[in-house]
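K.L.:
output the structure for:
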Amino acid sequence: MAGQSLIRLFFSFQGRIDRRHFWLGLVVVVLSLYLIGAILRQSFLPWQMGLLLFAPLYFSFFALAAKRYHDLGMTGWYSVIFLLPVVGWFYVVFECGFLQGGAMKNRYGPPLHGPLADRELP
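P.N.:
Numbering: from 1, shown residues only. Got it, this is the predicted structure:
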């Protein structure tokens, strides 16, 4: 079950996640990007190999951000802001990493925590 949860965390765009899971996922993605980059710099592999190895990690970041935006009651398409040079990354990480999620059920699922976890939208 834990393996399926990790696959869902990193590769699914469905549902909601809280800030803690976003930060844990982000740390895994960033450390993986750094590790793969360091290995590729020391190897004789062509740069195209980096694209193949980095693509699933960027996909994972978009999945994490989309689920976090769902928790904020917003569409996951806001994660595309990440593609804006320099400011996009900071904006998405700030919104997803620091803003508190919704306390009520929204169209993306029930709240993750709190006394209103079972309460419906009016």
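K.L.:
burial check on residue 92, number of neighbours?
P.N.:
For residue 92, the number of neighbouring residues by other C-beta atoms under 10 Å comes to 24. Quick note: C-beta positions are derived from backbone N, CA and C, even for glycine.
K.L.:
I should have written residue 29 there, sorry.
P.N.:
Number of residues near residue 29 (other C-beta under 10 Å) recorded here: 19.
K.L.:
and it, what element?
P.N.:
Using DSSP states H and E, residue 29 sits within helix 19-42.
K.L.:
just residue 97 next, same as before
P.N.:
Following DSSP H and E, one finds residue 97 within helix 87-98.
K.L.:
check what pLDDT the spatially most distant residue from the centre of the chain gets.
P.N.:
Going by C-alpha atoms, centre = their mean, the residue of the chain most distant from its centre is residue 44, 31.1 Å out. Residue 44 is assigned a pLDDT of 81 by the prediction.
K.L.:
check the one 3 residues further on too.
P.N.:
Each residue has a pLDDT score; the one for residue 47 is 77.
K.L.:
from residue 89, how far out is the closest residue to it other than its chain neighbours?
P.N.:
Excluding its sequence neighbours, the residue lying closest to residue 47 (C-beta to C-beta, 6 or more residues apart in numbering) is residue 40, at 7.8 Å. Going from residue 40 to residue 89 by C-beta to C-beta, to the nearest Å gives 21 Å.
K.L.:
and what of residue 35?
P.N.:
19 Å.
K.L.:
now do the SS call for residue 15.
P.N.:
Secondary structure, DSSP: H, G, I helix; E, B strand; the rest coil: residue 15 is coil.
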